[in-house]
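Undergrad: this one's structure only:
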């Protein structure tokens, strides 16, 4: 069972600061799939991630990630998830090089008290190369552009040799031109390394085109299915509420999906 | 110089100053990167209550201060973890409450011949062989913790949430770092005193941060700056008959001022 589904969520309810943040969430994700979680800001996307990662408890329901309850997963499979957090949380002028950041991806797997060795350094270099940064390994992290920093963080999440990659609003602070390039890189890495990917974004114009499954979250899970079905649905409008008027004013979301289907 | 070094108390003072500044220099990297300066102030002032407790119970005040400060550090970590009260509020309360508790306990112990000034501002020239032994033992423990868990502390300082998701036991590491900080703080009190201790925890790392682009260079500069300030300050104090703790801290401050000249 655990081998087939990388993530299973049954009747999940999460309460934060006394308020119902998520309720009645049911979701399954196949191993090797690319799941996009979209929804308006404040709709509980990050809360959902924190719940499946075991950082906040579920008030009700059940979660299995990599076959384990979230807290137990941290213990049993410490290096199995690569994670790219929202960039706003980062100390961006921290005194480390791109290589140092990629090396951090090895630390969880190594465990406390053990020093990184040659194998770890090679892995970190290899992951920087995979994200197109081989030449920038020695460059201070703070000198890199937003897009390059983002790729360093991807390299770090790959250095842990994950089965599952989780990204929370990864294109914040990345300019529009680099965003498509970023999603293409992600898609390529997913295929080449046989990864499962969960990508959280409020961007419904671009993200669904790269995913196999789309879940639309606004306190409840409004939709869960293939990108084309989700985007054409009336229910998406319900999930987004008033924001959708703005987002759907142009033809853009439809156009992207049709291009992808064709 | 030769005459000065032949004096036993000067030898002890130099050894203590050097050991403590090396430890503080290393720890200072994380004090700066994790923004723990204010916690350092809170911890050193909490140690005062620990010292007073030692006098009241008739135990070695150095060791009671270590135990007490480590407990306070763990409590601060717990409050931080729970997030019920903002961290600076909690430390502001601890700071004053522990000073008050210290004064109260000293009052209760009826010891009025106590070298309070020495505890507050340091008395490095009065360091005994027992003090030096304690600095060496506890210092070795602190150095071991920093060496064993350096990579976890670094990842946690950079990006704690990601570190936790990717397998670093960040909560345990935070407690460990705070406890180590409490330990080093108590050792440093013997050199520069409760009031001045946070300077040794903050200034060297701040200099390293200004001058180096990488944490390795930062750690090296931090350790060197700390060692230079403590040895230099001690020599100056001996030559010019100045209070040693103050001389050390002011020399470190001068170094920091010079580091600001770099663009």
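TA: Great, that's in hand. Given the structure is predicted, the values throughout are model-derived calculations rather than measurements.

Undergrad: use CA for all of it now, contacts and neighbours both
TA: Fine.

Undergrad: shouldn't residue A:202 be in contact with residue A:169?
TA: Yes: contact status for residue A:202 versus residue A:169: in contact at 7.4 Å, counting by C-alpha atoms under 8 Å.

Undergrad: name all residues that make contact with residue A:78.
TA: A:108-109, B:165-168 (C-alpha atoms under 8 Å, 6 or more residues apart in numbering or on different chains).

Undergrad: same list (the residues you listed) but as CSV, adding distance to residue A:131, secondary structure and pLDDT.
TA: Converted to CSV, the contacts of residue A:78 look like this (distance: C-alpha to C-alpha, whole Å; DSSP: H, G, I helix; E, B strand; the rest coil; pLDDT from 0 to 100):
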residue, distance to residue A:131, secondary structure, pLDDT
A:108, 21, helix, 92
A:109, 21, helix, 90
B:165, 21, helix, 92
B:166, 19, coil, 93
B:167, 22, coil, 91
B:168, 24, coil, 94
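
Undergrad: which elements pack onto the strand or helix carrying residue A:10?
TA: Assessed by DSSP states H and E, residue A:10 sits inside strand A:5-16. Here strand A:5-16 touches strand A:19-30, strand A:60-65, going by 3 or more C-alpha pairs under 8 Å, 6 or more residues apart in numbering or on different chains; DSSP states H and E.

Undergrad: the last one and chain B, are they touching?
TA: In other words, strand A:60-65. No: residues of strand A:60-65 are not located near chain B by C-alpha under 8 Å from any C-alpha of the partner chain, the shortest gap being 12.5 Å.

Undergrad: give me the mean pLDDT for the one helix or strand residue B:120 maps to.
TA: Taking DSSP H and E as the criterion, residue B:120 maps to helix B:116-121. Computed over helix B:116-121, the mean pLDDT rounds to 84.

Undergrad: and the next helix or strand past that helix?
TA: Assigned by DSSP H and E, the successor of helix B:116-121 is helix B:129-148.

Undergrad: can you list the residues that contact that following helix?
TA: Under C-alpha under 8 Å, 6+ apart, the answer for helix B:129-148 is A:112-115, B:12, B:15-16, B:19-20, B:23, B:27, B:180, B:183-184, B:187.

Undergrad: same check on stretch B:219-227?
TA: The contact list for stretch B:219-227, computed with C-alpha under 8 Å, 6+ apart, reads B:17-18, B:21-26, B:28-29, B:200, B:204-208, B:211-212, B:252, B:255.

Undergrad: same thing with stretch B:38-53?
TA: B:31, B:61-62, B:64-69, B:72-73, B:88, B:91-92, B:94-96, B:98-103, B:105-106, B:119, B:181-182, B:185-186, B:189, B:194-195, B:197-198, B:201.

Undergrad: go again with 7 Å.
TA: Stretch B:38-53 is contacted from outside by B:61-62, B:64-65, B:68-69, B:73, B:91, B:94-95, B:98-99, B:101-102, B:105-106, B:182, B:185-186, B:194, B:197-198, using C-alpha atoms under 7 Å, 6 or more residues apart in numbering or on different chains.

Undergrad: repeat for stretch A:111-125
TA: Contacts of stretch A:111-125 (C-alpha under 7 Å, 6+ apart): A:99, A:102-103, A:106, A:134, A:159, B:148-149, B:152.

Undergrad: cool, stretch A:24-33 as well?
TA: Looking at what lies outside stretch A:24-33 - C-alpha under 7 Å, 6+ apart - the contacts are A:4-13, A:194-197, A:212, A:220-221.

Undergrad: are any of these buried, and which?
TA: A:5-9, A:12-13, A:195-197, A:212, A:220-221 (16 or more other C-alpha atoms under 10 Å in any protein chain shown).

Undergrad: which parts of the stretch 51-200 of chain A sit against chain B?
TA: A:53, A:74, A:78-79, A:81-85, A:90-91, A:94-97, A:104, A:107-109, A:112-113, A:140 (C-alpha under 7 Å from any C-alpha of the partner chain).

Undergrad: restricted to strands, list the residues you listed.
TA: A:81-84 (DSSP state E).

Undergrad: just send the residues you listed back as a markdown table, with neighbour count, distance to residue B:240 and pLDDT too.
TA: Listed next are these as a markdown table, based on neighbours: other C-alpha atoms under 10 Å in any protein chain shown; distance: C-alpha to C-alpha, whole Å; pLDDT from 0 to 100:
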| residue | neighbour count | distance to residue B:240 | pLDDT |
| --- | --- | --- | --- |
| A:81 | 26 | 60 | 94 |
| A:82 | 28 | 59 | 95 |
| A:83 | 27 | 57 | 95 |
| A:84 | 25 | 56 | 93 |
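
Undergrad: ok, back up a step: now the helix holding residue B:120: how far from the chain's centre is it?
TA: How far helix B:116-121 lies from its chain's middle: 15 Å, per C-alpha atoms, centre = their mean, to the nearest Å.

Undergrad: please, a PyMOL command that selects the buried ones among the contacts of stretch A:111-125?
TA: Only the buried entries of the contacts of stretch A:111-125 go into this PyMOL selection, using 16+ other C-alpha under 10 Å:
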select buried, (chain A and resi 99+102+103+106+159) or (chain B and resi 149+152)
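
Undergrad: tell me which of the contacts of stretch A:111-125 has the lowest pLDDT.
TA: Within the contacts of stretch A:111-125, pLDDT is lowest for residue A:134, at 92.

Undergrad: please name the nearest non-neighbouring residue to that residue.
TA: The shortest distance from residue A:134 to any non-neighbouring residue, by C-alpha to C-alpha, 6 or more residues apart in numbering or on different chains, is to residue A:128 (5.4 Å).

Undergrad: go on, residue B:251?
TA: Distances taken as C-alpha to C-alpha, 6+ apart put residue B:229 closest to residue B:251, at 5.5 Å, once the chain neighbours are dropped.

Undergrad: check which residues of the helix or strand encompassing the one you found are buried.
TA: Using DSSP H and E, residue B:229 falls within helix B:215-240. Counting neighbours by 16+ other C-alpha under 10 Å, one finds that the buried residues in helix B:215-240 are B:215, B:218-238.

Undergrad: next structured bit after it?
TA: By DSSP H and E, the next helix or strand past helix B:215-240 is helix B:244-259.

Undergrad: could you tell me the angle between that following helix and helix B:215-240?
TA: 130 degrees (axes from the mean of the first three to the mean of the last three C-alpha atoms, to 10 degrees).

Undergrad: which other helices and strands does helix B:244-259 contact?
TA: Where contact means 3 or more C-alpha pairs under 7 Å, 6 or more residues apart in numbering or on different chains; DSSP states H and E, helix B:244-259 is packed against helix B:197-211, helix B:215-240.

Undergrad: in TSV: those, plus mean pLDDT and distance to residue A:43.
TA: Below are the helices and strands packed on helix B:244-259 laid out as TSV (pLDDT from 0 to 100; distance: least, C-alpha to C-alpha, whole Å):
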stretch	mean pLDDT	distance to residue A:43
helix B:197-211	95	39
helix B:215-240	96	38
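
Undergrad: distance between stretch B:163-173 and the chain's centre?
TA: 25 Å.

Undergrad: need the contact list for the residue positioned nearest the centre of chain B.
TA: Of all residues in chain B, the one closest to the mean position by C-alpha atoms, centre = their mean is residue B:185, 2.8 Å from it. Residue B:185 is in contact with B:44, B:197, counting by C-alpha under 7 Å, 6+ apart.
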